[in-house]
Structures are given as C-alpha cells and as structure tokens.
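>>> My questions concern the predicted model and sequence given below.
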Amino acid sequence: MKIILIRTGGFIPVKKVAETETNITDQELGNLLEIIRRDPATPRIRDGHYYTLTAGNSSSGVDLEKVPTEYKDLFSKLKNNLKIVKET
Amino acid sequence: MCKNHVTPVHCIIPPYMLNKLMESDNKKIADLAINTNFRSYRFRSDRLFFHSASLYEKTILGMLSKKSAKEVLQMEVYDCYQKTDLASATLIWDSKNNQKITSLAGKNVIKGGVASWDFYWQLFGRNSIDNKGLLIRQYVHYDKGMDNAYWDGRRMVYGDGDGTVFTSFTSDIDIIGHELTHGVMENEANLDYENQAGALNESFSDIFGIMIKQRFNNQDVKKSNWLIGEKVLIGPKYALRSLKAPGTAYVNHPELGTDPQPATMDKYQNLPDNDAGDWGGVHINSGIPNFAFYVAAFNMGGYSWEKAGRIWYAVLTDKKLAQNANFADVKNNSIVNAEKLFGLNSQEVKAVKQGWNEAKV
C-alpha cells in the first residue's frame, strides 16, 4: 500500500510531500491512524507544521510524536524524504 | 525660601497669593506667577487624568515603565541536538550564569532574545512576554534540518534549516522577535489564529520582529529594507517576507516559486480554514496589514518604533480589541490610538490613515 505524508504550515506556508510503498494492511493502517490521529482540539501552534497521512481513501491529520516505536523508522524515512511542492 | 528653586514663585503658593502676584506691578514677578499658575493648572489636570486613567492608558503613556531593579531579563537556551523531544533538551545557557557557549544558533537566540526583551522593556516598560517577567525559553537545533521556527505557547523553537533552501532559523533577529511577539500577543489581544484575525496575529509578529531588527541595527524607515528572514532563505535575492512590497520577498525561486502575499485588500485570498489552507491564509494575507504599517511608519519618518510602533503597541495591548478582530477593526483601533497618542489632526493620524488606505482596507 502506498502511503503519503504531507506537511503544511510553518513560518512560510510551504507544502512538502513524501510517499513510500509499505506492507501495511488496511487493518494495520486503521489501527495506526487511531493512535496517531491529531486531536482537532489541540491549540494551534504559531508557525507550526502540520502533518497529514494519506493512504488509499483514508486521509487524516496526524501527530508524529505519537508514532509507535515499530513505525518510527518508516515515518523517519518519510520525513527525511519530504520534498517541496512548488507553488505556481 | 524653597531649597529646590531659585525663585520663591516656583514653590507651592496659596492661590490667593498667586493671584496677587500675577497682578504685581513688577513685571518679572507677574510673569513668573502667570507661568506658575499655568504649570499648576497643568499639574492638577494631569494628576486628575492620571488618577482616572485605566491600566491600558497608563501603559500606552509609558507610566508603568518604572519598574524595580529586580526586573531583568530571565532567559534559558536549550540544545535539542537535532532531536524532537523538548523535555530532554540540554540547558546550554541561562541569563543567571551567562555561560560561554560555542553553538552559533545558541549565540544567535541569546542576541535576539536580549534585543527583543530590551525592545519591549525600554520602549514600553513591558517586562518580558507576559509583562510579569516570564522566563524566556528558547530551543535550538530542533529536529534534523527542520526548516522552521515556532512558538508553542510556552517557548520558542528553532530548526537548523535543510541547508539547501533554508539555513538556520536563528540567523535573522527579526524571526526571533517574531516568535517572541507571538507570546506577547497571547498575553494581550490574543487574536484568533484563523482568517483575518490570524493574519493580524501574524502581522503583529512581523511588525514587531522588523522593528526589533531595525532598532538593533539602528536603522530608520528609509535605511531599512523591511525584509524578514533575508538570511534564512538562502540566496542574495531572497527573503521570507517583505513589509515594503508584500509578494516580492522571493520571485521565481527555483524551489518555492513566488511569494504569495498580497499587499492590498482587493487581492485578499480566501483560503480554507484548515492546516492545508494555512488557517485561512494567516501567513499570506498578513501582507495587507504589514503593508499598511510600512506605509504609516514610512510616512511618519524617523525610527519606526518611535511613533508607528507606539501606536501598534497600543493596539496590541488594547483590551477593547476583540479576539476575532478583522482588518477594519484594527484599522479603526489604530486610528483611535494614534489620536490618543498624537492628537486628532496630527501627522501621525494622517499617516496611519494613509497606510490603511494604501492597503485598500
């Protein structure tokens, strides 16, 4: 399954995207999203970055600080591969 | 005779005596009495005004600036060593011990933090972020190559930049002033972080950030280039934002494209109020109030913080300003505060109106 990590926000709002193929099943993805889903009630950090995870038909705001140990490498790789999406 | 004055007329004299002296045949005594009477009148009326002045009025008139010697900068700098756990960051400097440090980012935030604290204290009598001496905490080297700086509600956090497009976000003093001002904002107007209120929130941070840099560099409105983050964005032609000409900070940048900020209200961008939409374009539409401030400050001349800065600080700390204020609210508020500070038909009031008119608000 292809998963896409999107980063938005920041001091200047630059959009960055990274994607990778994984062996995660739909069930695992659902469980993972339950754990790392960003609480919409969390106060907005001034100039903060925000992350969204997209896989298949699912898309959710996520908090990377909540990523379980077994997925840390995956998300670390995604973060390191984030590329700027040039605004036209 | 009064020990403090060279003439008895300058001492406290009962009114009936002063009236007599004002009618004296001796012109010198009569002139002094008239002068004293005028001063006494002004003193009484000033005292009456200050007695009934609100805390806000006292603040904008600089009456609360005399603080005890204990009110000194308190600051700590932590090194995250490129990790993201702020709780495990290492304290590398504090204002009590003033340790020698080798980290350039650490040195930068100390310099910027001191300049920001001095700015608020020396100009407005404001003791730190909360005006109660809050300890300023700054975290450097956050995450690997993070191209950002932010205020998380308690502290300022800076990344090193990716080294390709961005360098360390500690490189520009205006960014440090910007982040610290987010803290001031939270303790004052606390404007909502969405849509026009959010763009104003960002604009206040840019405006105070640029003033902190201008003051640090002793630049007047003509000498300043009004650019934010000109070192952070790599390349001699680029900066993160321009208050003088929003939308031109970077043009045809190979990675970023062109600065999306509008300068005028007719170019306002209606963006979604979500993270992908920058909460309604808070970092985009801030170009409009930024430009209004630039025009106002430039037309007043001199140093931006001396006149325009006082007006914008009065707005920032005005309890009448609603959290969801829009551009028109801040326009009106800034005109009212300019009138209070400089007089109804003053050049400063005209300059503020010109600023907002140029921004088409």
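Yep, it's here.
>>> Low-confidence bits of the chain, can you list those?
I went with chain A, as the question did not name one. The model of chain A has pLDDT under 70 over residues A:88.
>>> hmm, I had chain B in mind actually
Using pLDDT under 70, chain B drops low at B:1-24, B:26-70.
>>> OK, contacts around B:Asp259?
For B:Asp259, the contacting residues are B:Arg241, B:Ser242, B:Pro246, B:Gly247, B:Thr248, B:Ala249, B:Tyr250, B:Val251, by CB atoms under 8 Å, 6 or more residues apart in numbering or on different chains. In this view, the C-beta of every residue, glycine as well, is placed from N, C-alpha and C.
>>> Out of these, which is nearest to B:Tyr268?
Of all the contacts of B:Asp259, B:Tyr268 sits closest to B:Pro246, with 11.7 Å by CB to CB.
>>> Surely that closest one touches B:Gln261?
Yes. Assessed by CB atoms under 8 Å, B:Pro246 is found in contact with B:Gln261 at 3.8 Å.
>>> any shared contact partners between the two?
Here B:Pro246 and B:Gln261 have B:Gly287, B:Asn290 as joint contacts, going by CB under 8 Å, 6+ apart.
>>> Tell me the spatial nearest neighbour of B:Val114, not counting adjacent residues.
Once flanking residues are discounted, B:Val114 sits nearest to B:Leu73: 6.3 Å by CB to CB, 6 or more residues apart in numbering or on different chains.
>>> number of nearby residues for the one you found?
16 (other CB atoms under 10 Å in any protein chain shown).
>>> Which helix or which strand is home to it?
Following DSSP states H and E, one finds B:Leu73 outside all helices and strands.
>>> dump the residue contacts of it.
If you count contacts by CB under 8 Å, 6+ apart, B:Leu73 has them with B:Ser95, B:Gly113, B:Val114, B:Trp117, B:Asp118, B:Trp121, B:Ser128, B:Ile136.
>>> And it, how far from B:Ser95?
6 Å (CB to CB, to the nearest Å).
>>> How about B:Val315?
30 Å.
>>> Which of those two has more residues huddled nearby?
Using other CB under 10 Å as the criterion, B:Val315 and B:Ser95 rank with B:Val315 on top: 26 against 17.
>>> The more buried one and B:Leu321 touch, don't they?
Yes. Here B:Val315 reaches B:Leu321: they are 6.4 Å apart, a contact under CB under 8 Å.
>>> what sits in contact with each of these two?
Residues touching both B:Val315 and B:Leu321 (CB under 8 Å, 6+ apart) are B:Ala189, B:Val330, B:Asn333.
>>> Need phi/psi at the closest residue to B:Leu180 other than its chain neighbours.
What sits nearest to B:Leu180 in space, not counting adjacent residues and going by CB to CB, 6+ apart, is B:Ser116, at 4.5 Å. Main-chain torsions, B:Ser116, degrees, to the nearest 10: phi -70, psi -50.
>>> and B:Ser116, what does it touch?
So B:Ser116 contacts B:Ile176, B:Gly177, B:Leu180, B:Thr181, B:Ile212 (CB under 8 Å, 6+ apart).
>>> closest to chain A among the contacts of B:Asp259?
Proximity of those to chain A (CB to the nearest CB) peaks at B:Arg241, which lies at 7.3 Å.
>>> my guess is the closest one contacts B:Gly229, does it?
Yes. Contact criterion CB under 8 Å: B:Arg241 and B:Gly229 qualify, at 6.7 Å.
>>> So for those two, which sits in the more crowded spot?
Legend: neighbour count by other CB under 10 Å for B:Arg241 and B:Gly229, higher for B:Arg241 (31 against 26).
>>> Please list which of the contacts of B:Asp259 are also close to chain A.
Among the contacts of B:Asp259, the ones lying near chain A by CB under 8 Å from any CB of the partner chain are B:Arg241.
>>> which of the contacts of B:Asp259 count as buried?
For those, a burial check counting by 16 or more other CB atoms under 10 Å in any protein chain shown picks out B:Arg241, B:Ser242, B:Pro246, B:Gly247, B:Thr248, B:Ala249, B:Tyr250.
>>> Parallel or antiparallel, which strands does the host helix or strand of B:Leu91 pair with?
With elements taken from DSSP H and E, the one containing B:Leu91 is strand B:90-94. Here strand B:90-94 is paired, per DSSP bridges, with strand B:75-79 (antiparallel).
>>> Out of the shared contacts of B:Val315 and B:Leu321, the closest to chain A would be?
Closest approach between the shared contacts of B:Val315 and B:Leu321 and chain A, by CB to the nearest CB: B:Ala189, at 13.5 Å.
>>> Okay, that closest one and B:Val72: tell me how far apart.
Using CB to CB, B:Ala189 is found at 26 Å from B:Val72.
>>> Between these two, which has more neighbouring residues?
Set B:Ala189 next to B:Val72 and count neighbours by other CB under 10 Å: B:Ala189 wins out with 24 against 15.
>>> Quick check: that one is in a strand.
No. B:Ala189 is assigned coil when assessed by DSSP: H, G, I helix; E, B strand; the rest coil, not a strand.
>>> Surely it and B:Lys320 touch.
No. Applying CB under 8 Å, one finds B:Ala189 not in contact with B:Lys320, separated by 9.6 Å.
>>> Look at B:Trp117 and tell me its secondary structure.
With three-state DSSP as the basis, B:Trp117 sits in helix.
>>> give me the number of residues near it?
Neighbour number of B:Trp117 under other CB under 10 Å is 22.
>>> B:Ile212 versus the closest residue to it other than its chain neighbours, what's the distance?
Spatial nearest neighbour of B:Trp117, excluding adjacent residues (CB to CB, 6+ apart): B:Leu73 at 4.5 Å. Using CB to CB, one gets 14 Å for the distance from B:Leu73 to B:Ile212.
>>> what's the answer for B:Gly281, then?
As judged by CB to CB, B:Gly281 and B:Ile212 stand 25 Å apart.
>>> same question, B:Asp94
The gap separating B:Asp94 from B:Ile212 is 21 Å, by CB to CB.
>>> Give the residue from the two that has the larger number of neighbours.
Applying other CB under 10 Å to B:Asp94 and B:Ile212 shows that B:Ile212 carries more neighbours, namely 27 against 15.
>>> now check the helix or strand hosting that one, is it near chain A?
Taking DSSP H and E as the criterion, B:Ile212 maps to helix B:195-216. Yes. Using CB under 8 Å from any CB, helix B:195-216 comes into contact with chain A via B:Asn201, B:Ser205.
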